[in-house]
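Chemist: sequence unknown, structure follows:
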C-alpha cells in the first residue's frame with residue numbers, strides 16, 4: 001500500500017493527468033481537477049466529462065496518474081473503480097469544484113506504486 005500523504009497538495013490543489021488504455025492498448029489521457037485524498041492510498045476524482053476514460057476503466061481498471069509541479073513530478077500507478085451512486089457520488093456532488101455540474105461518477109483510484117519522475121526511481 002502506498003502512503004500518498006506526502007503528495008496531498010499536488011493531488012488536491014493541482015491538476016492530475018489520468019491515463020487509461022482502451023481497446024487494443026490505445027492510450028487515453030485526461031486532466032482532472034478538484035481531486036481528494038480520501039485514504040492513505042486512495043484518490044477520489046470526479047467524472048464530469050470522461051467519455052473514453054469511463055469506457056476504458058470499465059474494460060481495464062489499471063490506470064496511471066501524474067501529479068506535481070516544478071521539479072517535483074510523480075507517477076502513481078493503481079486501479080480505478082467507478083461509483084455512479086451511493087456515498088462517493090454524494091461526496092463528489094458536494095465538492096465546490098462540481099457546483100452546477102452533473103457528475104457521471106465518482107472515480108476511486110487505489111494507488112499501489114509511486115515513482116519519482118525527476119529522479120527516475122520507484123518510491124513505493
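Modeler: Looks like it arrived, so ask away. Owing to the predicted nature of the structure, the values given are computational and were not obtained by experimental measurement. Residues are numbered from 1 along each chain as shown.

Chemist: Do a quick rundown of the strands in this structure.
Modeler: 15-21, 27-33, 36-39, 42-47, 62-69, 72-83, 105-116, 121-122 (DSSP state E).

Chemist: now, of these, which is deepest in the fold?
Modeler: strand 42-47 (a mean of 23; mean count of other C-beta atoms under 10 Å). C-beta here means a position set from N, CA and C on the backbone, and glycine is covered the same way.

Chemist: where does it sit relative to the chain's centre, distance-wise?
Modeler: 5 Å (C-alpha atoms, centre = their mean, to the nearest Å).

Chemist: do stretch 35-55 as well
Modeler: 4 Å.

Chemist: Ok, stretch 49-59 next?
Modeler: 13 Å.

Chemist: before we move on, the earlier item: for residue 5, which of the strands of the chain is the nearest?
Modeler: strand 36-39 (7.2 Å; C-beta to C-beta).

Chemist: what residues does the closest one touch?
Modeler: 4-5, 7-8, 11-12, 43-44, 91, 95, 108 (C-beta atoms under 8 Å, 6 or more residues apart in numbering).

Chemist: out of everything not next to it in sequence, what's closest to residue 22?
Modeler: residue 56 (4.8 Å; C-beta to C-beta, 6 or more residues apart in numbering).

Chemist: and that neighbour, what does it touch?
Modeler: Listed by C-beta under 8 Å, 6+ apart, the contact set of residue 56 reads 20-22, 28.

Chemist: Export those residues as TSV, with columns for distance to residue 102.
Modeler: Output for the contacts of residue 56, formatted as TSV (distance: C-beta to C-beta, whole Å):
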residue	distance to residue 102
20	22
21	27
22	24
28	22
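
Chemist: Among those residues, show me the least confident.
Modeler: Minimum pLDDT across those is recorded for residue 22, with 90.

Chemist: Looking at the strands of the chain, which is nearest to residue 99?
Modeler: Across these, closest to residue 99 is strand 42-47 (C-beta to C-beta), at 11.5 Å.
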